[in-house]
Every structure is written in C-alpha cells, then in structure tokens.
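Peer 1: the following comprises the amino acid sequence and a computationally predicted model.
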Amino acid sequence: MAVLNGMRDNLQRGNIALMVEVTRNAVAVYDNLKNYGFQMYKSDKSSIDNAEKMGGNIFCVKAEDSRRSVFLSQMRSAS
C-alpha cells in the first residue's frame, strides 16, 4: 500500500499498466486500484471484479489505455 500511495500522480495517468503482488490488504489494494480506473486480471486471465479474488500477481490496466488489447492478447498467448 505504501508503494501505491506513493505513486498517486502516476496512477492518475491513463497510460500506465502494473503488475502488483498482493499478499495482504487485498480490499485496500483493490479499492485503490479500482478508484484509479484500473481493470484487474489474474495470471490465468480471469477478470477480478471484487477484492476476494485478489491474491498473488495481479495485472492492472486501464480501459482507456490504447495498449490494453495488446496487453490482454499477450496474456492469452502466454498460456
């Protein structure tokens, strides 16, 4: 959480994608990323729509990010 809180200015930008390892504070991490407009995915490509699904490596991208389709297709081809 300290890292996410420290990068608030960057999180507001539309052209940022993240991989975050969630080991605790899942609700706070989920709420924080959701508030900045991120869509979140697990490494198995499943969408995360609530904090209960948070855990391990989480991939985060904004819907308006022009690289979103590339990001998702790379996740699909990696399996």
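Peer 2: Received, thanks.

Peer 1: in PDB, list the C-alpha atoms belonging to the helix or strand containing Phe59.
Peer 2: If you go by DSSP states H and E, Phe59 is part of strand 56-62. This file holds the C-alpha atoms of strand 56-62, laid out as PDB (Å, rounded to 0.1, in the frame of the first residue of the first chain):
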ATOM      1  CA  GLY A  56      -0.700 -13.300  -5.900                       C
ATOM      2  CA  ASN A  57       0.300 -11.500  -9.000                       C
ATOM      3  CA  ILE A  58      -2.400  -9.100 -10.300                       C
ATOM      4  CA  PHE A  59      -2.200  -7.400 -13.700                       C
ATOM      5  CA  CYS A  60      -3.700  -4.000 -13.900                       C
ATOM      6  CA  VAL A  61      -4.600  -1.900 -17.000                       C
ATOM      7  CA  LYS A  62      -7.000   1.000 -17.600                       C
END
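
Peer 1: contacts for stretch 35-53?
Peer 2: Residues from elsewhere that reach stretch 35-53 (Cβ atoms under 8 Å, 6 or more residues apart in numbering): 11-12, 14, 18, 26-27, 29-31, 33-34, 54, 56-64, 68, 72, 75-76, 79. Yep, even glycine has a C-beta here, placed from its N, CA and C like the rest.

Peer 1: pLDDT below threshold where in the protein?
Peer 2: Along the chain, segments meeting pLDDT under 70 span 71, 75-79.

Peer 1: so after the helix or strand harbouring Tyr41, what's the next helix or strand?
Peer 2: Applying DSSP H and E as the criterion places Tyr41 in strand 38-42. For strand 38-42, the succeeding helix or strand toward the C-terminus, using DSSP H and E, is strand 47-48.

Peer 1: give me the buried entries from the contacts of stretch 35-53.
Peer 2: For those, a neighbour count by 16 or more other Cβ atoms under 10 Å gives the buried set as 11, 18, 26, 29-30, 33-34, 54, 58-62, 75.
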